[in-house]
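In: Quick one: sequence and predicted model below, then my questions.
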Amino acid sequence: MTEDELDRLASMIATALQGARGNASAPTTGAGTWLPTPVRPEPPARGGEPPLWSGASQNLEGVARGSRGTSGRSSSRVTTAELTNATRAAAAGRGRAPLLPPREIGSRGPRGGARGQLSIGVPIGVSNRHIHLSPAHFQRLFSTGGPTVAKAITQPAQFAANEMVDATGPSGKIAGIRVVGPARGETQLEISLADARRLGVTPVIANSGSLASSGGGVTLTGPAGTIALEKGVIVAARHLHLAPSDADRWGMRDGDLLDVRVGDASRATTFHGVLVRSGPAHATEFHLDADEAHAASVRTGDRATIVGRVSSGARRKRLVTESDVLRLSASGGRIPSDAILTPGARDRARALGLME
């Protein structure tokens, strides 16, 4: 078949197709087109009722109910149906997206127990290095009956004394450490981790008065003599002194653990596991050591916020690892009776004679 014959055949087919569509008057040559030009439909005008296919007229209140209390009123600011319709109306161009009410974000405490969410302001007290001396040690260092008052401090019946001692460790010395009175049953030197590095010792982080696992390695020097401490050197764990009236008002008790937020902007920090020390001998004040205060850029007199609490009845038992066992063995410490030991820690403790 020649090219002319092919052209005639194409024209005949085009004519037949046009006739079948009732458009016999359409051109049948290459000068025009024999197919209708596609037309894009206009989008529906905004501002009117949404089209049926959008589903905006549906009400999902019967499908997804909002939470309701015993009064029958919704506990949310808006119902599920209202949120649904408002969202769909915004999608159809008939309004703005709704503003959802803020959610309450919960956290979990030890063993899955609920951690109470709080917002309570308390004053901050930065605790610099200091020492509490037993009567015998004070007599040996100063040859006098007891410390003399330089000024009262926040905690009831306690004071900064006029007397000071020097502390010397394996690699350094710190002079002029203030004595805090009155005298105590056991000598306790409270330093920061930076002080510990300066002295060349590795003290435990412990609650004030908990000296069973504390170490020594520091020599104290006073105007009348020296003492080589075998124990009592600690880094005091952060804690909150709490007056009984505040404890009752806030529903807290001695031994509770808190989450406390301090500082502002990029230096804001939340400290976890803050121990509550409450009783008649305590005035409300959050104690940090100098290292912690510098890290959060706070100082004495600033405010902290209690943001969470774990009841003392739900406290987590301490987990002791193999490295903890080695450290306790080197310092002459003991493994807490309620501790949980890893398998490696248990084997190491038995090998070192720290447990049966």
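Out: Alright, I've got the coordinates. Computed from a prediction, not measured in an experiment: that's the story for all the values here.

In: So residue 238 sits against residue 288, correct?
Out: Yes. Between residue 238 and residue 288 a contact is recorded at 5.6 Å, counting by C-beta atoms under 8 Å. For every residue, glycine as well, the C-beta is placed using N, CA and C.

In: got any residues that touch both of those two?
Out: Common contacts of residue 238 and residue 288, defined by C-beta atoms under 8 Å, 6 or more residues apart in numbering, comprise residue 271.

In: Compare these two (neighbour count), which wins?
Out: residue 288 (28 against 21; other C-beta atoms under 10 Å).

In: so who does the more buried one touch?
Out: Going by C-beta under 8 Å, 6+ apart, residue 288 touches 124, 125, 126, 127, 238, 262, 271, 296, 298.

In: how far is the helix or strand that contains it from where the chain is centred?
Out: In this assignment (DSSP states H and E), residue 288 forms part of strand 285-289. Offset of strand 285-289 from its chain centre (C-alpha atoms, centre = their mean, to the nearest Å): 17 Å.

In: Any regions of the stretch 251-356 of the chain where pLDDT drops low?
Out: 311-318, 331-333, 337-338, 356 (pLDDT under 70).

In: Please look at residue 133 and residue 179 and confirm they touch.
Out: Yes. If you go by C-beta under 8 Å, residue 133 and residue 179 touch, sitting 5.9 Å apart.

In: shared neighbours of those two, which are they?
Out: If you check residue 133 and residue 179 against C-beta under 8 Å, 6+ apart, the residues they both contact are 147, 165.

In: So which of these two has more stuff around it?
Out: For residue 133 versus residue 179, neighbours defined as other C-beta under 10 Å are more numerous around residue 133 (30 against 24).

In: Quick one: end-to-end length of stretch 198-216, please.
Out: This stretch, stretch 198-216, spans 15 Å end to end (C-alpha to C-alpha, to the nearest Å).

In: Stretch 216-236 too?
Out: Stretch 216-236 has an end-to-end distance of 15 Å (C-alpha to C-alpha).

In: Stretch 335-354 too?
Out: Stretch 335-354 has its terminal residues 7 Å apart, counting by C-alpha to C-alpha.

In: Can you give me the buried ones in that stretch?
Out: Neighbour-count burial for stretch 335-354, counted by 16 or more other C-beta atoms under 10 Å, picks out 335, 341, 345, 346, 348, 349, 354.

In: ditto for stretch 282-297
Out: Buried residues in stretch 282-297, defined by neighbour count with 16+ other C-beta under 10 Å: 282, 284, 285, 286, 287, 288, 289, 290, 292, 293, 296.

In: Point out where this structure drops to low pLDDT.
Out: Those would be 20-36, 43-117, 311-318, 331-333, 337-338, 356, if you go by pLDDT under 70 across the chain.

In: would you list the contacts of residue 288 in JSON lines and tack on secondary structure and distance to residue 220?
Out: Listed next are the contacts of residue 288 as JSON lines, based on DSSP: H, G, I helix; E, B strand; the rest coil; distance: C-beta to C-beta, whole Å:
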{"residue": "124", "secondary structure": "strand", "distance to residue 220": "29"}
{"residue": "125", "secondary structure": "strand", "distance to residue 220": "25"}
{"residue": "126", "secondary structure": "strand", "distance to residue 220": "23"}
{"residue": "127", "secondary structure": "strand", "distance to residue 220": "19"}
{"residue": "238", "secondary structure": "coil", "distance to residue 220": "25"}
{"residue": "262", "secondary structure": "strand", "distance to residue 220": "32"}
{"residue": "271", "secondary structure": "strand", "distance to residue 220": "30"}
{"residue": "296", "secondary structure": "helix", "distance to residue 220": "31"}
{"residue": "298", "secondary structure": "coil", "distance to residue 220": "30"}
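
In: From these, pick the one nearest residue 326.
Out: residue 238 (25.2 Å; C-beta to C-beta).
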